[in-house]
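Undergrad: Pasting the sequence and the predicted model now:
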Amino acid sequence: MLLDSHSIILKMIPKNRRERLLSQLEDGALVIISTNPEQLRNGDVHYPFRPHSDFWYLTGFTEPEAVAVFSKENYTIFLRDRDPAREIWDGERLGVANAPKILKADKAYPISELKTQLPQLVKNAVMLYYDFKPCTLDDKIMACLMATNMQSLGECLNEMRLIKDKNEIALMQKAADISTQAHQLAMQKTKVGLFEYEIASIFDASFGKNNTEHAYTPIVAGGKNACILHYINNNQVLNEGDLLLIDAGCEVDGYASDITRTFPVSGKFSVAQRQIYQIVLDAQLAAIKCIKPGEIVTKPHQIATKIIQQGLIKLGILQSDGKLSQFYMHGTGHWLGLDVHDVGSYKKNGQHRQYQAGMMTTVEPGIYIRKDDKINSMYWGIGVRIEDDILVTENGNRILTKNLAKTIDEIEHLMREK
Ligand code: GLY
Ligand code: MN
Ligand code: MN
């Protein structure tokens, strides 16, 4: 039960990750990393706990209130000890006695002893590397750490997380597959008169049934709601003649998928919707095509913006001297991994970096047309985004989400097959 209840990441040898990290740091370096605090929702109710991604990556441990301290010589973990009274309410804990074996630590202490043990551990460290992001250590502990040479862990760890190994890719493919199925079902179940939340519930059920959870709050946006980029109210009725934009993805053992599809509520694109959709699709396909090792990471955005700009000018929606940002105001992609907007810099030595095999990125161009008297009214309220998850491979790329209907014909066909 204890083993089963712990993350599959444990099987992915976080020990190697700790060793790889330490091999990049000087001898005598000590790494300190804490997990996220639990978040209160209201009253005595907490949000479901989600470990901090860095901590999860390096320890595989998924309980709250834990701090890992490791050097080339020693790995110590501080965690909540067993507590029969609390476990009646909150469930079984790994506990201090089990931790060394399960987490492959040399030593484990109750988290309550962090304050007393940490000065000993820190004493001989040449340099402390601390992950400031979750920052759950209290002021006294921070003061003790500050007395030693201290650096942020950020960059080294982000670079490691940016390149996915085969286990991580397998988890992300699983997440992509589960999300693909849910999107497919949503397309088939959508009909005029349903509410956005009814379609959102398809994702809740599909993700839940696969023992996964949302990687982010889903966007289920009918009609002009699609022009609100972070629309999460998901509470409006789906009208005849409208498009429905769904941006939803699950995470498997912390690893995210991130998919957007836009399709007609009635199953058939109007002429105006078709025109806009095809521009976004052309932009997305061309942007994906350029992704390969050695290509500059800004290239997909350059390509997508050019195609969208030309397409909108051709339709008379954008003036040739107009601002594209009126209709396309976000980036074309982001790193994807344990965080949906994953870590990893887009620049190296001040220059935009190149793609490398093992990087995982989204490609997600869009067009959003709000009501505007200067634009033909048949385009008002059309919001389209198409988003896939792309792995950079040795020879090019692999689309993890390629099985999900995307062309106009594929979507209309799938929706007819209800
Ligand atoms: N779902 C978040 C994003 O697409 O960036
Ligand atoms: Mn995205
Ligand atoms: Mn998305």
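TA: Nice, I can see it. Ligands and ions are numbered 1, 2, ... in the order given.

Undergrad: Would you mark the buried spots in stretch 216-231?
TA: Tyr216, Pro218, Ile219, Val220, Ala221, Gly222, Gly223, Lys224, Asn225, Ala226, Cys227, Tyr231 (16 or more other CB atoms under 10 Å). Every residue, glycine included, has its C-beta placed from N, CA and C.

Undergrad: Quick check: the gap between Ile399 and Ser257.
TA: 12 Å (CB to CB, to the nearest Å).

Undergrad: again, but for Pro51
TA: Counting by CB to CB, the gap from Pro51 to Ser257 is 19 Å.

Undergrad: Close to ligand 1: what parts of this protein are there?
TA: Tyr216, Asp247, Asp258, His334, Val340, Glu364, Glu387 (CB under 6 Å from any ligand atom).

Undergrad: quick one: which of those has the most company?
TA: Neighbour count (other CB atoms under 10 Å) singles out Asp258 as the most crowded of those, with 28 neighbours.

Undergrad: could you measure Lys406 against ligand 3, distance?
TA: Lys406 sits 15 Å away from ligand 3, going by CB to the ion, to the nearest Å.

Undergrad: Sorry, slip of the keys, the one I care about is Ile32.
TA: 33 Å.

Undergrad: So out of everything in the stretch 51-200 of the chain, what residue is nearest ligand 3?
TA: Ranked by CB to the ion, the top residue of the stretch 51-200 of the chain for proximity to ligand 3 is Ser179, at 10.2 Å.

Undergrad: Do I have it right that that residue meets Thr260?
TA: No: if you go by CB atoms under 8 Å, Ser179 and Thr260 don't touch, sitting 10.5 Å apart.

Undergrad: For whatever residue of the stretch 151-300 of the chain ends up closest to ligand 2, give me the pLDDT.
TA: In the stretch 151-300 of the chain, no residue comes nearer to ligand 2 than Asp258, which is 4.2 Å away by CB to the ion. Per-residue confidence (pLDDT) for Asp258: 99.

Undergrad: related to what we said a few turns ago, mind listing what's buried along the one helix or strand the residue of the stretch 51-200 of the chain closest to ligand 3 maps to?
TA: According to DSSP states H and E, Ser179 maps onto helix 166-189. Buried residues in helix 166-189, counted by 16+ other CB under 10 Å: 168-169, 171-184, 186-188.

Undergrad: Check which element follows it along the chain.
TA: For helix 166-189, the following helix or strand on the C-terminal side (DSSP H and E) is helix 196-209.

Undergrad: Okay, angle between that next one and helix 166-189 too, please.
TA: 140 degrees (axes from the mean of the first three to the mean of the last three CA atoms, to 10 degrees).

Undergrad: what's helix 196-209 packed up against?
TA: Secondary-structure packing of helix 196-209 (3 or more CB pairs under 8 Å, 6 or more residues apart in numbering; DSSP states H and E): helix 166-189, strand 213-214, strand 219-222, strand 243-248, strand 250-252.

Undergrad: Now mean pLDDT too, for these, in a markdown table please.
TA: Formatted as a markdown table, the helices and strands packed on helix 196-209 follow (pLDDT from 0 to 100):
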| stretch | mean pLDDT |
| --- | --- |
| helix 166-189 | 97 |
| strand 213-214 | 98 |
| strand 219-222 | 98 |
| strand 243-248 | 99 |
| strand 250-252 | 97 |
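
Undergrad: Looking at the ones you listed, which is nearest to Glu198?
TA: For the helices and strands packed on helix 196-209, distance to Glu198 was read as CB to CB. The smallest value, 8.2 Å, belongs to helix 166-189.

Undergrad: Check which element follows the lowest-mean-pLDDT helix or strand in the chain along the chain.
TA: Across the helices and strands of the chain, mean pLDDT, DSSP states H and E gives its lowest value to helix 139-146, namely a mean of 70. Per DSSP H and E, helix 139-146 leads on to strand 150-152 as the next helix or strand towards the C-terminus.
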